[in-house]
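Student: Fold the following.
(6 chains)
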Protein chains: 6
Amino acid sequence: MIHKFLFLFAFFLLSTSQAQDFCVADLKSAQTPSGYPCKSPKTLTVDDFVFSNLRAGNTSANPFKISLTPAFVDEFPAVNGLRLSAARLDMDVGGVVPMHSHSNTNELLIVLSGHITAGFISSDNTVFVTTLSKGKVMVFPQGLLHFQINAGGGKASAFLSFNSENPGAQILDLALFSNNLDSSFVGKTTLLDIAQIKKLKRIFGGRG
Amino acid sequence: MIHKFLFLFAFFLLSTSQAQDFCVADLKSAQTPSGYPCKSPKTLTVDDFVFSNLRAGNTSANPFKISLTPAFVDEFPAVNGLRLSAARLDMDVGGVVPMHSHSNTNELLIVLSGHITAGFISSDNTVFVTTLSKGKVMVFPQGLLHFQINAGGGKASAFLSFNSENPGAQILDLALFSNNLDSSFVGKTTLLDIAQIKKLKRIFGGRG
Amino acid sequence: MIHKFLFLFAFFLLSTSQAQDFCVADLKSAQTPSGYPCKSPKTLTVDDFVFSNLRAGNTSANPFKISLTPAFVDEFPAVNGLRLSAARLDMDVGGVVPMHSHSNTNELLIVLSGHITAGFISSDNTVFVTTLSKGKVMVFPQGLLHFQINAGGGKASAFLSFNSENPGAQILDLALFSNNLDSSFVGKTTLLDIAQIKKLKRIFGGRG
Amino acid sequence: MIHKFLFLFAFFLLSTSQAQDFCVADLKSAQTPSGYPCKSPKTLTVDDFVFSNLRAGNTSANPFKISLTPAFVDEFPAVNGLRLSAARLDMDVGGVVPMHSHSNTNELLIVLSGHITAGFISSDNTVFVTTLSKGKVMVFPQGLLHFQINAGGGKASAFLSFNSENPGAQILDLALFSNNLDSSFVGKTTLLDIAQIKKLKRIFGGRG
Amino acid sequence: MIHKFLFLFAFFLLSTSQAQDFCVADLKSAQTPSGYPCKSPKTLTVDDFVFSNLRAGNTSANPFKISLTPAFVDEFPAVNGLRLSAARLDMDVGGVVPMHSHSNTNELLIVLSGHITAGFISSDNTVFVTTLSKGKVMVFPQGLLHFQINAGGGKASAFLSFNSENPGAQILDLALFSNNLDSSFVGKTTLLDIAQIKKLKRIFGGRG
Amino acid sequence: MIHKFLFLFAFFLLSTSQAQDFCVADLKSAQTPSGYPCKSPKTLTVDDFVFSNLRAGNTSANPFKISLTPAFVDEFPAVNGLRLSAARLDMDVGGVVPMHSHSNTNELLIVLSGHITAGFISSDNTVFVTTLSKGKVMVFPQGLLHFQINAGGGKASAFLSFNSENPGAQILDLALFSNNLDSSFVGKTTLLDIAQIKKLKRIFGGRG
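Tutor: As a prediction, this is how the structure comes out:
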């Protein structure tokens, strides 16, 4: 009787490849506008759907005193095409996530521990800023500048979730001061003083 | 004069490859989150756009006394990327389409002949069930459990249409009882008795 | 014990209104770019999800000898937002569906009876035409001119399905000849003779 | 000089209402297929973008020994239209999230504490199951049956994130056994024994 | 200190490939439903993001006395996946853009010089027609027949923009009269006289 | 005979309201995530589809020596839901479009006259900058910082097109310096000197 049943539903098995349930990224192939091509579903195991290292990183190795551990498509290929990813943020005392924006995703921040002052600026230049404690959630809409500052006397941590599997982040200081963008262009388009620009270029490794 | 005209519009011919009109699936290539890569439009004929076998299948070869003939992307590559496909359902006397759901598509059922009792259950657990005769159409929203039962004394048939070219179907009994999912897990997560689970695993070929 | 369970899942009942399962159109409210606002789910019964009249219309009341019975959002509000709808086409001997296109949907045609010559023209002006018999399915990609002609000695009928709940149809003759579009504009932009334009304007009720 | 600058950019202020940055739900208005209408941006404060209660609920009030605290659009109107939401799951010793699926969203589960055995079943009936510890992340694709079981000797907790602001959840037992769906229909479409069905209807409060 | 900062942000550099910022088309690879695969971002320079030739073409080489210079994905690979492209239209005295429609894009026309009579026909056959001068903008919704006529005594020019990187254009005369579509089919589906059809087939190079 | 034809196609007229062809914004109603509700199509004339003022504004009224004239949904309600809009940019000698980004749209810039140095910075901090002359087109991907500088000895002008009807623009200086964002927050998250911040707050009218 088993064979009959399996025969009955064979059309489903044939016509519904796993690829429409999910599309685990074949990271070696070229991306398309919708994401990476899919690995063959026959090769997949449960380990493909698990990311094992969403843990605190080393916050003492850098001046901003933070670490960010991403589970984006390049680290976690199972989220390819699923419009979903996550990251863990850890902040030492005095830690700061510098001003940045995400070109293609909204963000949810869930505070795990500590106190975090977080804010974003809307496109009519209104500031939305507050201090969050454990269990608070804040949303940062796509494309808007935002930041987080450890507001407490101890460490702070948070989970971040995104509605993109491949969140792009543009960090303001790195965009302006870590490359060869001509200082006079930065000056004209931001009205920052040239001396200030040169100083930050030295900090962030920029030239020009 | 013809040449002049053809020259005039040559930019259209050059700039508008057939691929944005349609994208007939190259089934041998790996899928992407948006579907299969396209076959070269130069190789296509009208036969690529026609599916020839949306006919009644054999309803007597299985205990559920039904047959389903799909025209999904794997059988009908022309629907690739078009968010549209169809199938034909035939039900013998006593035929039943078992409880199932579609993860990525809504469904329209159009009764061709006979009487079909059809129902779905919404996510607040309301039941929507009725008996349909020829010419009636019922819609089954994406992701919700639904079923069809031949309610008449003769055969019944229907066309199904979907707003996906690759409808995934999860048949409840097969999901729970045709694989190696541990019986204790099934028991804990459904509260079904272990004896019941074992019985159905025997019917559907499952282990564990 | 029942109360305990219902209490347990109360958050689901509260947080998941039926509206994300479906959004049955409130046809009295103004549309939005995503469709009509939703009727309150509490008022819905199974009849909201059933369309009862996908049957043959009167093919003898008009010169084209066809009838089309739609189940679009305005007739079948349950498909609002679901990107799916259907229609039934009946063609008398000699019946013709005149040249037309759909601005916002692909189309599947499933032949129910008779023989239908159907074709579409791609944007590089290639013609894809064939004659379909019962059980054949043909796909007509969005926005391309297409037509159907009863090719047999008897009646013909078909089901149509669409991946829009509100298929727009632009019928070539009506667009050009049933309104007040200036004949000289028609002439300049189509190179049709003015006499031909005037003749067709008389047939289709146009002025200008 | 300030006035001049503000005048300069006035077109931006005028033409870019806050509503394209975000669309905080006006929960009193009828939903549309794209979500709720937006509250006037002028009325918003930072508190609109913060959800304060993503904390452990009471896991002892129900037989499944779990609690789920959602931050979906109805609790957290700021996520309206942003395709993103979150929830917190707490599981007592022996706690179980029963078999269920989400019709319109993928899910990420991030383990906060304890050990959780989690699994999903793909549409070709392959089982993907594993046991997760703190810091592990697992993805559950849209529309597929999945479950979680507390696998440790103590409590367990997790954050869930979704790429929908309004995740629909269909809990298998409630869909089948908590309503008035006719027991004979359940039997025919699942092959469960009628006695088993009746037993579960008693547990989950169903009739019929 | 620079090294520390660069180390700090290394996760961003690693996890955010350029491909989610943009996806410059690799025109040699097969398209997918979402567009061409992306070129490796490491090979790109600013020249990839610049199209150099949006200039007036030769309007005297053809009977319609127009030229159209496209910057679509095949000419300007940087717009791949970005849902945006442009073209320049030049019209000599008496120039006409013949009746046509776009299957997959809306269009904005911005008049640069001269006077242009432009119109479109909605799917309920209403005509929207007017004469535009320099600085006027008109929108032509997707899939609807539209046309432009030089209404002045001198040349006219315009920029066109589209919300597709690969706008398909179906030019009515070419669709009907430049191919081997059987004249009897054209006649039956348009009610045009056979003599008229034959005449236009001679002009546009059609057979049949 | 006219009546017969009109009767024949009455189903099209009834079932295809103009609203699926277009959805001209009713600006007085609350927005939804998909845009404004639609005005009744019966009230529309061709003037609804025409924007009359895409002309040079006054570039001498402000220190940046530019003007931007938008044709976005609030000025041009016909583009509601169409994912398309335009603007005109005029730059006096020395004019500068300050560093900014668009949260929800890509941008095409088409140079009309003069010479413009334009650049954007990708999320891996690569700079793409060049000087554009008349007829050149440059694309600026969504969410990335970009700028334009008049590079010539005379005026410069350009058309901009967007694949959103409601482009949000975040101008860096206004976001940081025109509001009440605490200077210490700006300092910590950008490493700008407090004196520099205070200076720019004075210029742009900020407090805090």
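
Student: mind listing the strands for chain A?
Tutor: Secondary structure of chain A (DSSP state E): strands located at A:50-51, A:66-71, A:85-91, A:96-102, A:107-113, A:116-121, A:127-132, A:137-140, A:146-150, A:156-162, A:169-171.

Student: Need these in CSV (columns: distance to residue E:180, mean pLDDT and mean neighbour count).
Tutor: C-betas here are computed from N, CA, C, even on glycine. Shown next, in CSV, are the strands of chain A (distance: least, Cβ to Cβ, whole Å; pLDDT from 0 to 100; neighbours: other Cβ atoms under 10 Å in any protein chain shown):
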stretch, distance to residue E:180, mean pLDDT, mean neighbour count
strand A:50-51, 56, 98, 22
strand A:66-71, 56, 96, 23
strand A:85-91, 51, 98, 25
strand A:96-102, 52, 98, 24
strand A:107-113, 56, 98, 23
strand A:116-121, 60, 98, 24
strand A:127-132, 63, 98, 19
strand A:137-140, 58, 98, 26
strand A:146-150, 60, 98, 24
strand A:156-162, 52, 98, 25
strand A:169-171, 53, 96, 24
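
Student: Which of those sits closest to residue C:77?
Tutor: strand A:137-140 (32.6 Å; Cβ to Cβ).

Student: Spatially central, which residue of chain A would that be?
Tutor: residue A:167 (4.7 Å; Cα atoms, centre = their mean).

Student: What pLDDT is listed against the closest residue to chain B within chain A?
Tutor: Minimum separation of chain A from chain B (Cβ to the nearest Cβ) falls at residue A:81, amounting to 3.0 Å. We have a pLDDT of 97 for residue A:81.

Student: how many neighbours does it have?
Tutor: When neighbours are counted by other Cβ atoms under 10 Å in any protein chain shown, residue A:81 registers 25.

Student: can I get the strands of chain A in TSV with distance to residue D:35?
Tutor: TSV is the format used below for the strands of chain A (distance: least, Cβ to Cβ, whole Å):
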stretch	distance to residue D:35
strand A:50-51	29
strand A:66-71	27
strand A:85-91	22
strand A:96-102	20
strand A:107-113	16
strand A:116-121	20
strand A:127-132	20
strand A:137-140	14
strand A:146-150	22
strand A:156-162	19
strand A:169-171	26
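
Student: Helices of chain A, residue ranges please.
Tutor: A:2-8, A:10-15, A:172-177, A:183-190, A:194-204 (DSSP state H).

Student: which of these has the lowest average pLDDT?
Tutor: Mean pLDDT, when computed for each of the helices of chain A, is lowest for helix A:10-15, at a mean of 42.

Student: any chance of the strands of chain A in JSON lines, with distance to chain D too?
Tutor: As requested, the strands of chain A are arranged in JSON lines below (distance: least, Cβ to the nearest Cβ, whole Å):
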{"stretch": "strand A:50-51", "distance to chain D": "4"}
{"stretch": "strand A:66-71", "distance to chain D": "5"}
{"stretch": "strand A:85-91", "distance to chain D": "5"}
{"stretch": "strand A:96-102", "distance to chain D": "11"}
{"stretch": "strand A:107-113", "distance to chain D": "5"}
{"stretch": "strand A:116-121", "distance to chain D": "8"}
{"stretch": "strand A:127-132", "distance to chain D": "4"}
{"stretch": "strand A:137-140", "distance to chain D": "4"}
{"stretch": "strand A:146-150", "distance to chain D": "10"}
{"stretch": "strand A:156-162", "distance to chain D": "4"}
{"stretch": "strand A:169-171", "distance to chain D": "16"}
